[in-house]
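Peer 1: Need a 3D model of the sequence below.
(2 chains)
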Amino acid sequence: MNIAIAVYGAPTSSRAPTSALRFAQAAVARGHTLARVFFYYDAVAIANALVVAPQGEPDIAAEWSAFSQAHGVELVACIAASLRRGIVDAAEAARYELRAHNLREPFQLLGLGQFVEMAASADRLITFLE
Amino acid sequence: MNRRYLVLVERPPAVGTLAREALDLLLVAGAFDLAPAVLFLGRGVHQLAASHDSAPPRPLEALATYGITRIYVDAQSLRREGLALDALAPRPIAVDGAAIARLIAESDVVLTT
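Peer 2: Model prediction:
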């Protein structure tokens, strides 16, 4: 089955990014296809490379990055939601003449249109709210 | 076969950026010619209250422009939030729990906002 995942809840105040990752790992392990994960609302904070997980605490952003690289799953943060929350890639930093960029690899910034296309082409859309 | 889409809006306008982002998702679904139905429920029914404090123009006034004409509101949420159907704009169709269950069951994709 072709599964699409959307994550809405912030990594600092919800279980959404963690629950979504565990679901994604289980789905891939069972042979399902997972092409892309879309982070929206406060969940885009997961793509901030300047966030440091305290020693001894789970680093869910690093786990997502490793999962993406191991299974070829695209991680996408909504570009508009990210810009509102201070998360930019090199192109957006140049566009808005910002002094730095902080998008974590391998995340990409894409628009809501890509989210809608992802939902439209998947057999199932699973959304993690909180 | 054309797939049927339903967008659920539960976020009230008072949550600021999150409310705006919910409506953005709804409008983008319309812009992509998905012709989604939309159901306002929970505190999201306040999005339809014409009197709420939102900078003009209200995004919801553009729904028809985006091909979103099937607009529903949860009747129970309306009662709970103390809103009258005739105070809402654009005017939705009030639906009960059984009708909501049918709406969801008949939709191929449900987009939660």
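Peer 1: Now do the same for the residue in chain B positioned nearest to chain A: helix, strand or coil?
Peer 2: Residue of chain B nearest chain A, by Cβ to the nearest Cβ: B:Val28 (4.2 Å). (C-beta placed from N, C-alpha, C; glycine too.) The three-state label given to B:Val28 by DSSP: H, G, I helix; E, B strand; the rest coil is helix.
Peer 1: Around it, count how many other residues there are.
Peer 2: Neighbour count of B:Val28, defined by other Cβ atoms under 10 Å in any protein chain shown: 20.
Peer 1: do B:Arg20 as well
Peer 2: For B:Arg20, using other Cβ under 10 Å, the count is 16.
Peer 1: With the one 4 residues further on instead?
Peer 2: By the measure other Cβ under 10 Å, the count of residues near B:Asp24 is 18.
Peer 1: Any stretches of chain B with poor pLDDT?
Peer 2: B:1, B:50-57 (pLDDT under 70).
Peer 1: for it, what spans make up the strands?
Peer 2: Along chain B, the segments classed as strands by DSSP state E run B:5-9, B:37-40, B:71-74, B:93-95, B:109-112.
Peer 1: export those strands to a markdown table and tack on distance to chain A and mean neighbour count?
Peer 2: Output for the strands of chain B, formatted as a markdown table (distance: least, Cβ to the nearest Cβ, whole Å; neighbours: other Cβ atoms under 10 Å in any protein chain shown):
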| stretch | distance to chain A | mean neighbour count |
| --- | --- | --- |
| strand B:5-9 | 8 | 24 |
| strand B:37-40 | 14 | 25 |
| strand B:71-74 | 18 | 21 |
| strand B:93-95 | 21 | 16 |
| strand B:109-112 | 5 | 20 |
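Peer 1: can you tell which of the ones you listed is closest to A:Glu117?
Peer 2: Each of the strands of chain B has some distance to A:Glu117 by Cβ to Cβ; the shortest is strand B:109-112, at 11.5 Å.
Peer 1: Please put the alpha-carbon coordinates of the closest one into CSV.
Peer 2: Presented in CSV, the C-alpha positions along strand B:109-112 are these (Å, rounded to 0.1, in the frame of the first residue of the first chain):
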residue,chain,number,x,y,z
VAL,B,109,-9.5,11.1,1.4
VAL,B,110,-10.2,13.0,4.7
LEU,B,111,-7.8,15.9,5.2
THR,B,112,-7.7,16.9,8.9
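Peer 1: what are the pairing partners of it, and which direction each?
Peer 2: strand B:5-9 (parallel) (DSSP bridges).
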